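Colleague: All I have is the shape, not the residue letters:
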């Protein structure tokens with residue numbers, strides 16, 4: 001029996017088929033130590049990109065403070081400036097923990113920053129008592145909790161723009177006629193009469209009377225609010241306080 005002849009093309013085809021069936025040999029991997037070194041190099045490069053801008057700002061601040069430092073402190077600043085310049089020249093990679101441990105107690109402590117000035121707040125209620133008044137006619141004791149007044153004035157340090165109700169906390173003996181009340185503030189005037197039936201039973205019984213509302217188109221600073229009650233020569237109104245408050249929202253419809 002004759003065997004079939006294999007042509008060159010057939011042999012090449014068989015060799016290609018056998019080669020294709022074999023799995024590809026994976027590329028050789030570097031040893032673990034080399035991989036760690038490669039990762040460390042990438043990490044160090046990333047640290048350098050982050051640290052150098054920060055170190056540059058720190059160096060500028062050190063130079064500024066060194067210029068203003070006393071002779072006793074200047075040497076410490078100069079030593080720190082030289083150290084930071086060396087770190088930047090070496091690539092800017094900084095071991096923060098080691099640096100902190102090495103630097104404890106070596107740098108002069110900067111002067112404490114002054115306390116921030118509190119931001120003016122929009123108060124929901126301002127309570128003005130006779131003890132806070134700039135002027136009371138007739139004159140009352142400086143620590144008086146109440147005052148019988150013909151006129152009283154308060155300095156308003158700050159109140160934000162908006163609409164406010166003015167409420168009077170008062171007592172008043174028996175009236176024979178309505179008592180005219182007037183509030184002056186920032187060029188605005190409120191007028192109200194205390195009716196006879198709104199008098200209190202005695203000087204120790206106090207009530208609340210709404211005098212009206214003020215609308216401020218801008219913030220108010222350092223203005224005087226003045227309350228005038230009837231005849232200054234024969235005062236009848238006893239004031240415990242004046243309240244400046246936001247108006248109540250309207251009641252919802254039933």
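Modeller: Received it, and whenever you're ready, just let me know what you need. Note that the structure is a prediction, hence the values are computed from the model and not measured.
Colleague: Tell me which stretches of this protein form helices.
Modeller: Along the chain, counting by DSSP state H, helices occupy 8-21, 32-68, 71-89, 96-103.
Colleague: lowest-confidence stretch among those?
Modeller: For the helices of the chain, the weakest mean pLDDT is recorded on helix 8-21, namely a mean of 50.
Colleague: what's the burial count for residue 235?
Modeller: 20 (other Cβ atoms under 10 Å). In this view, the C-beta of every residue, glycine as well, is placed from N, C-alpha and C.
Colleague: Which residue is the nearest non-sequential neighbour of it?
Modeller: residue 150 (4.2 Å; Cβ to Cβ, 6 or more residues apart in numbering).
Colleague: what's the one you found in contact with, if anything?
Modeller: Contacts for residue 150 were tallied using Cβ atoms under 8 Å, 6 or more residues apart in numbering; they are 137-138, 228-235.
Colleague: Selection in PyMOL covering whichever of these are buried, please.
Modeller: In PyMOL, a selection of the buried entries from the contacts of residue 150 looks like this (16 or more other Cβ atoms under 10 Å):
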select buried, resi 137+228+229+230+235
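Colleague: May I see the contacts of residue 150 arranged in CSV, with distance to residue 129 as well?
Modeller: Putting the contacts of residue 150 into CSV (distance: Cβ to Cβ, whole Å) gives the following:
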residue, distance to residue 129
137, 16
138, 17
228, 18
229, 16
230, 21
231, 23
232, 20
233, 24
234, 23
235, 17
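Colleague: will you turn the contacts of residue 150 into JSON lines that also has distance to residue 72 and pLDDT?
Modeller: What follows is the contacts of residue 150, written out as JSON lines (distance: Cβ to Cβ, whole Å; pLDDT from 0 to 100):
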{"residue": "137", "distance to residue 72": "61", "pLDDT": "94"}
{"residue": "138", "distance to residue 72": "62", "pLDDT": "92"}
{"residue": "228", "distance to residue 72": "64", "pLDDT": "96"}
{"residue": "229", "distance to residue 72": "66", "pLDDT": "96"}
{"residue": "230", "distance to residue 72": "70", "pLDDT": "92"}
{"residue": "231", "distance to residue 72": "71", "pLDDT": "89"}
{"residue": "232", "distance to residue 72": "66", "pLDDT": "87"}
{"residue": "233", "distance to residue 72": "70", "pLDDT": "87"}
{"residue": "234", "distance to residue 72": "72", "pLDDT": "89"}
{"residue": "235", "distance to residue 72": "66", "pLDDT": "93"}
